[in-house]
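J.: Provided below are the primary sequence and the corresponding predicted coordinates.
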Amino acid sequence: MLMSIRNRVLYTQAMNIERFKRRLLDKERDLLADIARLGGEVRESGEPEVRDSTDEAASSQGTAEALQEETFASQTLRQVQDALRRIENNTYGKCIACGREMGTARLEAIPWAEFCLEDQEQRDKAAHVPPGGSTL
């Protein structure tokens, strides 16, 4: 009886890992597409055309926003790919700072989370990130 309970727990954990892996792979695909699209927008905005100063300002603002979005997408992509590596290394779901289990709720919210909630809060305080502005 004990073995069958243990086997069920292992099976459930494996199913959860596979579900998270699928979500991470989907997110990776979406981010790669976003980065390609944003890169195209940046390149297009640099193409020469006749513009007045208002057009130029709007174009510069659009380019800056696209670059900012691309940077954020690239950072998230790195985190997603790191999470996929942790799945392969059997360390997924553990905080990279303290090694504690993160819990399903945290991973459901952010499957690429690197830190447990406590360590993420400490990092955010040290970086002076306003509440709600991080990957909590």
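T.: Ah, there it is.

J.: in this protein, which spans are strands?
T.: Assigned by DSSP state E, the strands in the chain number zero.

J.: worst-scoring helix or strand of it, pLDDT-wise?
T.: helix 2-45 (a mean of 78; mean pLDDT, DSSP states H and E).

J.: mind giving me the domain split of the chain?
T.: According to automatic domain parsing, the chain comprises the domains 2-92, 93-136.

J.: quick one, phi psi at G103?
T.: phi 90, psi 150 (degrees, to the nearest 10).

J.: residues contacting it?
T.: Taking Cβ atoms under 8 Å, 6 or more residues apart in numbering, we find G103 in contact with C116. Every C-beta, even on glycine, is put in place using the N, C-alpha and C of the backbone.

J.: please report how far it lies from E65.
T.: Look at G103 and E65: by Cβ to Cβ, to the nearest Å, they are 35 Å apart.

J.: likewise G40?
T.: 14 Å.

J.: before we move on, what about C95?
T.: Distance, C95 to E65, using Cβ to Cβ: 33 Å.

J.: which of the two has more neighbours?
T.: C95 (19 against 13; other Cβ atoms under 10 Å).

J.: so that one makes contact with M102?
T.: Yes. Using Cβ atoms under 8 Å, C95 makes contact with M102 at a distance of 6.0 Å.

J.: joint contacts of these two?
T.: 115-116.

J.: list the contacts for the nearest residue to S74 once chain neighbours are set aside?
T.: Nearest in space to S74, with sequence neighbours left out and distances taken as Cβ to Cβ, 6 or more residues apart in numbering, is I35 at 6.2 Å. Shown in contact with I35 (Cβ under 8 Å, 6+ apart): 70, 73-74, 77.

J.: just the pLDDT at E49, thanks.
T.: Each residue has a pLDDT score; the one for E49 is 56.
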